[in-house]
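Asks: sequence first, predicted coordinates after that:
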Amino acid sequence: MPIERALTAEQRSALGDFRARWAAIRRATAPADRSAAEEAVRLAYQAAGLASPARIVWCHGPMALAKLAGRISRDDGRNLRARLVDDVHRDVAASVAARISRRMLAAVESAVNPDDPLAAAATEAVTRNVPEKNLSVLGQLRRNGLSWSGLLEALVAPRSFASCTAGPQDLSWLGAFDYVRELLGLRAETEPLRGLMQLATSVGWLQPHEHICWLAERPNLLCGDARDRLHHPSGPALRYPDGWSIWAWRGVEVPRWIIAHKDRITLAAIDAEIDVQVRRCMIEIMTPERYVALGGATRIAEDETGVLWRRNWLAADAWAAVEVVNATPEPDGTRRHFFLQVPANLRTAREAVAWTYGLRAEAYAGLVMRT
Amino acid sequence: MTEIFAQGDLLIERVGDVAPSGTLAETAEGVPLVLLEGEATGHCHAIGERTTLFRDDDLARDIPAGLYLGHLRVASAYARVTHEEHAPLTLPRGTYRVRRQRELGPRDARVLAD
């Protein structure tokens, strides 16, 4: 049944409130409410039919958590992420689906928990930066070559950080169940999620084991650009209370100095950078205008639509941009120049400008007026 | 050859008349229809005259993902698209497809909003 017909007007408008509430939870940067979180841990274990852990250990961020949890001993017991989170999720979803249709539940889920690119980017940045001792066999081979100790470790290792822990992104599905609990009155069905809901609102990451549960604080800084990519033009984009941080430029993680000391970005530094994405960010931060003026790029083609610039790096990748000029002059008579990056295989400026609009060069010839 | 009009990061191409379908938006009396809002500047491409904007994805299959803003039907003699930084654009009576501009992003193509 479509959600519009299944819900009352009041229930429909509440979807927006829950959506905002859970977006705020995913992006929260306030310190954790530790006593609420510890109570939540006990509730969550209980709901999964488990005894409360003997110890709860707090960390100032996921890196500290990964370091501590990396020294796990046999006495700490098995990892319980799947039982505590995934199994409970599945069971509750089944009992909710017995009361309302799965399609209705799916519609509520997508209305309350749309993709959150910023929360997803923060999660990805964390998991990418955790030193994975427990790489898969293939991962060990890729990283270290054939090392017997590495392969042995991979074969007997517990699972990776991402599958042992749960972060804000992993718990955001709770928003939909919060809604069906409060607005549709399915309290008994959603009761097993109370602990997880309280955990989601109180902590950053958790790694539950039978006898010990590690909890990490939330970030105290999380910044994105207008398209919700991790980004900060002058400081870290993501930072935890333990000081661990990520510096990012429009979604690309970059070395700190590129943002903290922009004046050190030179043509030589750009040429020396191996990572194509980082190199691209360096050009963006330096500005394409300056990059072109310093001789970083070569003029490939020019026509009435603009100028095509390109730079090739040892056949590995290329940077290409089309320079277009605003048709309307500024009040002082000058015109603004824009450098739009385009695929490097384009040959003419017209082709490049047409590409920016998703047109073929021939179709762009129909231009009657540009302002 | 299709007639094309461009205003900064907006491209408007004249198409044959089609009956409005899909999601509709109309200019209310005295409230301009905003085609595209600027991201950093707060400037926007707007139309003051009565026009109808509708989205019909079936009519935009040839436009790369994310660029299609909608079809615009100008029923009066003309409509003027205004923007703080660009000279106005006058569209004669007819139907148009409106799309935005993109550039190659860090991981893929991304849309622009000036």
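Replies: Alright, I've got the coordinates. Numbering: from 1, shown residues only, chains lettered A, B, ... in the order given.

Asks: count of neighbours near residue A:164?
Replies: By the criterion of other Cβ atoms under 10 Å in any protein chain shown, residue A:164 has 21 neighbours. Heads up, the C-betas are built off the backbone N, CA and C, glycines and all.

Asks: most centrally placed residue in the chain?
Replies: Since no chain was named, I'll use chain A. residue A:121 (1.0 Å; Cα atoms, centre = their mean).

Asks: try chain B instead
Replies: Taking Cα atoms, centre = their mean, chain B has its central residue at residue B:98, 3.4 Å away.

Asks: now that residue. Nearest residue, chain neighbours left out?
Replies: Counting by Cβ to Cβ, 6 or more residues apart in numbering or on different chains, residue B:98 lies nearest to residue B:69, which is 4.5 Å off, once chain neighbours are set aside.

Asks: the one you found: what's it in contact with?
Replies: B:10, B:35-36, B:53, B:55, B:98-100 (Cβ atoms under 8 Å, 6 or more residues apart in numbering or on different chains).

Asks: and if you look at residue A:57?
Replies: A:68, A:212-215.

Asks: 6 Å - rerun?
Replies: residue A:214 (Cβ atoms under 6 Å, 6 or more residues apart in numbering or on different chains).

Asks: what bridges to it?
Replies: Counting by DSSP bridges, residue A:57 forms beta bridges with residue A:214.

Asks: what's the distance between it and residue A:34?
Replies: The gap separating residue A:57 from residue A:34 is 11 Å, by Cβ to Cβ, to the nearest Å.

Asks: same question for residue A:289.
Replies: 50 Å.

Asks: re the thing from before, can you tell me which two in the contacts of residue B:69 are farthest apart?
Replies: B:10 and B:55 (15.5 Å; Cβ to Cβ).

Asks: can you tell me the residue of the stretch 51-200 of chain A closest to chain B?
Replies: residue A:121 (11.0 Å; Cβ to the nearest Cβ).

Asks: which strand or helix spans that residue?
Replies: Using DSSP states H and E, residue A:121 maps to helix A:117-129.

Asks: ok, now residue A:194?
Replies: helix A:194-202.

Asks: that helix packs against which elements?
Replies: Helix A:194-202 makes packing contacts with helix A:34-47, helix A:174-182 when contacts are defined by 3 or more Cβ pairs under 6 Å, 6 or more residues apart in numbering or on different chains; DSSP states H and E.

Asks: again, only this time at 10 Å
Replies: Using 3 or more Cβ pairs under 10 Å, 6 or more residues apart in numbering or on different chains; DSSP states H and E as the contact test, the elements touching helix A:194-202 are helix A:9-26, helix A:34-47, helix A:88-99, helix A:174-182, strand A:205-208, strand A:212-216.

Asks: before we move on, back to that, list the buried ones in the helix holding residue A:121?
Replies: Neighbour counts over helix A:117-129 (16 or more other Cβ atoms under 10 Å in any protein chain shown) mark A:118-127, A:129 as buried.

Asks: what about stretch A:352-371, near chain B?
Replies: Yes - for stretch A:352-371 and chain B, the contact criterion (Cβ under 10 Å from any Cβ of the partner chain) is met by A:352-360, A:362-371.

Asks: returning to what we had before: could you dump the helices and strands packed on helix A:194-202 to a markdown table with distance to residue A:332?
Replies: Shown next, in a markdown table, are the helices and strands packed on helix A:194-202 (distance: least, Cβ to Cβ, whole Å):
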| stretch | distance to residue A:332 |
| --- | --- |
| helix A:9-26 | 42 |
| helix A:34-47 | 58 |
| helix A:88-99 | 60 |
| helix A:174-182 | 51 |
| strand A:205-208 | 53 |
| strand A:212-216 | 53 |
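
Asks: just name the most buried of these.
Replies: Mean neighbours per residue, mean count of other Cβ atoms under 10 Å in any protein chain shown, is largest over those for strand A:205-208, with a mean of 27.

Asks: just how off-centre is that strand within its chain?
Replies: 18 Å (Cα atoms, centre = their mean, to the nearest Å).

Asks: any weak-confidence spans in chain A?
Replies: In the predicted model of chain A, residues A:1-4, A:133-159, A:315-316 satisfy pLDDT under 70.

Asks: my guess is the residue nearest to the centre of chain A meets residue A:167, correct?
Replies: No - look at residue A:121 against residue A:167 with Cβ atoms under 10 Å: they stay out of range, at 11.9 Å.

Asks: please identify the helix or strand for the closest residue to residue A:319 other than its chain neighbours.
Replies: Excluding its sequence neighbours, the residue lying closest to residue A:319 (Cβ to Cβ, 6+ apart) is residue A:311, at 4.7 Å. Per DSSP H and E: residue A:311 is located in strand A:306-313.

Asks: so for that strand, what gets flagged as buried?
Replies: Applying 16+ other Cβ under 10 Å to strand A:306-313 flags A:306-311 as buried.

Asks: which residues in the stretch 201-350 of chain A form strands?
Replies: A:205-208, A:212-216, A:221-222, A:238-239, A:245-246, A:248-249, A:252-253, A:298-303, A:306-313, A:317-325, A:337-341 (DSSP state E, counting those that start in this stretch).

Asks: shaky segments in chain B?
Replies: Using pLDDT under 70, the flagged stretches of chain B are B:27-30, B:39-41, B:106-114.

Asks: how about the strands in it?
Replies: For chain B, applying DSSP state E gives strands covering B:4-7, B:10-15, B:23-26, B:33-37, B:44-47, B:51-55, B:68-82, B:89-100, B:102-104, B:109-111.

Asks: out of these, which is closest to residue A:14?
Replies: That would be strand B:23-26 among those, by Cβ to Cβ, at 23.2 Å.

Asks: the closest one vs chain A: in contact?
Replies: No - using Cβ under 10 Å from any Cβ, strand B:23-26 stays clear of chain A, coming no nearer than 13.9 Å.

Asks: what is that strand packed up against?
Replies: Partner elements for strand B:23-26 (3+ Cβ pairs under 10 Å, 6+ apart): strand B:33-37, strand B:51-55, strand B:68-82.

Asks: residue of the stretch 101-250 of chain A with the smallest distance to chain B?
Replies: Counting by Cβ to the nearest Cβ, the stretch 101-250 of chain A gets nearest chain B through residue A:226, at 4.7 Å.

Asks: quick check: the gap between that residue and residue A:114.
Replies: According to Cβ to Cβ, residue A:226 stands 17 Å off from residue A:114.

Asks: pick out whichever of these two has more residues nearby.
Replies: Under the criterion of other Cβ under 10 Å, the comparison of residue A:226 against residue A:114 puts residue A:114 first, with 13 against 10.

Asks: so that one is in which element?
Replies: Residue-wise, residue A:114 maps onto no helix or strand under DSSP H and E.
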